[in-house]
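Student: Got a predicted structure here, sequence first:
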Amino acid sequence: MEKTRFPLALYILTFSVFAIGTTEFIIMGLLPEISQDLHISIATAGTLVSGYALTIAFGGPIISVLTSSISKKTLLLLLMIIFILGNVVSALSETYWVLMLSRIITALCHGVFFGVSSVMAANMVSSDKQGSAIALVFAGVTIANVVGVPLGTFIGQLFGWQSAFWSIVILGVLAFILIFIQVPTVKKQPNGNPFSQIPVLYRPKVLSTLLMSVLFATGISMLFAYLSTILQDISKFSPGWTSFLLALVGIGSAIGIIWGGKAADKNLIRSSTFFLLALAAVMILFSFADQNQITTIITVFLFGLMAFSVAPAVQSRIVQVAPEAPELASSMNVSAINLGNALGPFIGGFVIKSSYGLHAVSWVGAIVILLTVVVVLFNGFLDRNMIMKKA
């Protein structure tokens, strides 16, 4: 059996996605430090997560259209320059609004970079290896959660939160150099009319899948955005232990992605339902377990495991229900997920300000996950209805 060998440029794209993914999630581990240093509440600091995600959700498609005439390698280099500058401004920020502006600048690169990288990855390999190539590139996001965020949080807690962004600047400069040297220039190909694919998005299966992505991302980000604060303020873990527990979430997520991918291949609807119900149970349990450090450690790992077990099904479902327009549908799914990533911390901020407080974020997120289960079951109903019509 011939062993698959991917070009070096593919791994460089993975590294670049790792750097960008770390930028998105690093803020979650540094909310307590940023809140204290900038003299803002945790809820206000949480909007730095929401602002980034909303920029991806609504700004990404616009930037994609505006840059469609630029060659892919040139576009990657331009996006990386903006990424580097955005993180430099983040590292130099002394006020909330400057930091928010820097996050918005950086986020403008995010969705477009991911989209262009996936297309370039597909062009680097034969047609039968394209799925594996794209999966390798997006593994950078998982590595960002497992390695980048915990390490960046540790650096930020040890040397100040600004140092975490300076570290990301270094990653960005390295990625720029590697892209310039190793990533090939892809010949431009004629593009079809993207507007002709829009009617596909109106299908009930597609709309319900996008709703599933929004709710799923809202539920998990509601807890994940404030996890560091909960661990330190309620569970009474030190900043060092908090970094370790974020790494534990990352380890759980890595295992969950593999487990969830295999389960989704067998039965996507059934596996999604199981993992979402298990995730809701873990989040409800966490609201009781977070006052004991031993039970907190266990439930934090289970949270990462169950949350990311659902992720492969969410990604696979949108391609299944929109085979005529997989690129457009996948792009909309990224927007849906990031809309959820924005809504989660936003709603969580209201929960924190309410009489229920920080302790309630977990079980409110669990309610949203249970709503996701309802949408998944509706998707299953649509599938069965389609089969009956064909019969």
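Tutor: Okay, I see it.
Student: For the helix or strand harbouring residue 297, name the packing helices and strands.
Tutor: For residue 297, the element it lies in under DSSP states H and E is helix 293-321. Judged by 3 or more CB pairs under 8 Å, 6 or more residues apart in numbering; DSSP states H and E, helix 293-321 is in contact with helix 204-224, helix 227-233, helix 239-266, helix 268-289, helix 326-353. In this view, the C-beta of every residue, glycine as well, is placed from N, C-alpha and C.
Student: same thing but at 7 Å, please
Tutor: helix 204-224, helix 239-266, helix 268-289, helix 326-353 (3 or more CB pairs under 7 Å, 6 or more residues apart in numbering; DSSP states H and E).
Student: now it and helix 326-353, what's the angle there?
Tutor: 150 degrees (axes from the mean of the first three to the mean of the last three CA atoms, to 10 degrees).
Student: starting at the chain centroid, how far to helix 293-321?
Tutor: 12 Å (CA atoms, centre = their mean, to the nearest Å).
Student: quick one, which of the helices and strands packed on helix 293-321 is packed in tightest?
Tutor: Most buried of these by mean neighbour count (mean count of other CB atoms under 10 Å) is helix 204-224; its value is a mean of 24.
Student: Which strands and helices lie in contact with the helix or strand encompassing residue 86?
Tutor: Assigned by DSSP H and E, residue 86 belongs to helix 72-92. For helix 72-92, the packing partners by 3+ CB pairs under 7 Å, 6+ apart come out as helix 8-29, helix 96-124, helix 161-182.
Student: that older thread, is it possible to get the helices and strands packed on helix 293-321 out as TSV so that each row also shows mean pLDDT?
Tutor: TSV is the format used below for the helices and strands packed on helix 293-321 (pLDDT from 0 to 100):
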stretch	mean pLDDT
helix 204-224	91
helix 239-266	80
helix 268-289	92
helix 326-353	80
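Student: between those helices, which gets nearest to residue 364?
Tutor: helix 326-353 (5.2 Å; CB to CB).
Student: Please state the offset of that closest one from the chain centre?
Tutor: Computed by CA atoms, centre = their mean, the chain-centroid distance of helix 326-353 equals 9 Å.
Student: Then stretch 109-121?
Tutor: The answer for stretch 109-121 is 14 Å, by CA atoms, centre = their mean.
Student: Show me what counts as buried in it.
Tutor: 109, 110, 111, 112, 113, 114, 115, 116, 117, 118, 120, 121 (16 or more other CB atoms under 10 Å).
Student: So the fifth one sits against residue 20, correct?
Tutor: It refers to residue 113. Yes: counting by CB atoms under 7 Å, residue 113 does reach residue 20; the two are 5.9 Å apart.
Student: so how far is the first residue of stretch 352-359 from its last?
Tutor: Chord length of stretch 352-359, first to last residue, is 8 Å (CA to CA, to the nearest Å).
Student: Now tell me what touches that stretch from outside.
Tutor: Contact with stretch 352-359 is made by 42, 43, 226, 229, 230, 233, 234, 287, 361, as judged by CB atoms under 7 Å, 6 or more residues apart in numbering.
Student: again, 6 Å this time
Tutor: residue 43 (CB atoms under 6 Å, 6 or more residues apart in numbering).
Student: With stretch 91-98 instead?
Tutor: Contacts of stretch 91-98 with the rest of the structure, by CB under 6 Å, 6+ apart, involve 38, 40, 99, 102, 162, 165, 166.
Student: Tell me, how many residues neighbour the last one?
Tutor: Neighbours of residue 166 under the rule other CB atoms under 10 Å: 17.
Student: Need the nearest residue in space to it, chain neighbours excluded.
Tutor: residue 91 (4.8 Å; CB to CB, 6 or more residues apart in numbering).
Student: Tell me the spacing between that neighbour and residue 267.
Tutor: Separation of residue 91 from residue 267 (CB to CB, to the nearest Å): 46 Å.
Student: which of those two has more neighbours?
Tutor: The neighbour comparison of residue 91 against residue 267 (other CB under 10 Å) goes to residue 91, with 19 against 13.
Student: And residue 247, how far from residue 29?
Tutor: With CB to CB as the criterion, residue 247 and residue 29 are 10 Å apart.
Student: do residue 118 as well
Tutor: Noted for residue 118: a distance of 27 Å to residue 29, by CB to CB.
Student: and if you look at residue 207?
Tutor: Taking CB to CB, one finds residue 207 at 34 Å from residue 29.
Student: got it, and residue 383?
Tutor: 39 Å.
Student: which one of these two has more residues nearby?
Tutor: A direct count of neighbours by other CB under 10 Å for residue 383 and residue 29 places residue 29 higher, at 29 against 15.
Student: Now the more buried one. Nearest residue, chain neighbours left out?
Tutor: Using CB to CB, 6+ apart and skipping the chain neighbours, the partner closest in space to residue 29 is residue 153 (3.2 Å).
Student: now residue 102
Tutor: Residue 102 sits nearest to residue 89 (CB to CB, 6+ apart), 3.7 Å away.
Student: Equivalent analysis for residue 243, please.
Tutor: Nearest non-adjacent residue to residue 243, counting by CB to CB, 6+ apart: residue 154, 4.2 Å away.
Student: in what helix or strand does that neighbour lie?
Tutor: Going by DSSP H and E, residue 154 is part of helix 149-159.
Student: One more: residue 69?
Tutor: Residue 69 belongs to no helix or strand when assigned by DSSP H and E.
Student: mind checking how far it is from residue 92?
Tutor: Distance, residue 69 to residue 92, using CB to CB: 33 Å.
Student: okay, the two: which has more neighbours?
Tutor: Using other CB under 10 Å, the more surrounded residue of residue 69 and residue 92 is residue 92, with 13 against 9.
Student: pLDDT at the more buried one, what is it?
Tutor: pLDDT, residue 92: 94.
Student: do the one 10 residues further on as well
Tutor: Per-residue confidence at residue 102 stands at 94 (pLDDT).
Student: Pop the domain breakdown of this protein in here.
Tutor: The record's domain parsing of the chain by automatic domain parsing lists 1-191, 196-391.
Student: thought residue 269 was touching residue 380?
Tutor: Yes: Residue 269 lies in contact with residue 380 (CB atoms under 6 Å); the separation is 4.2 Å.
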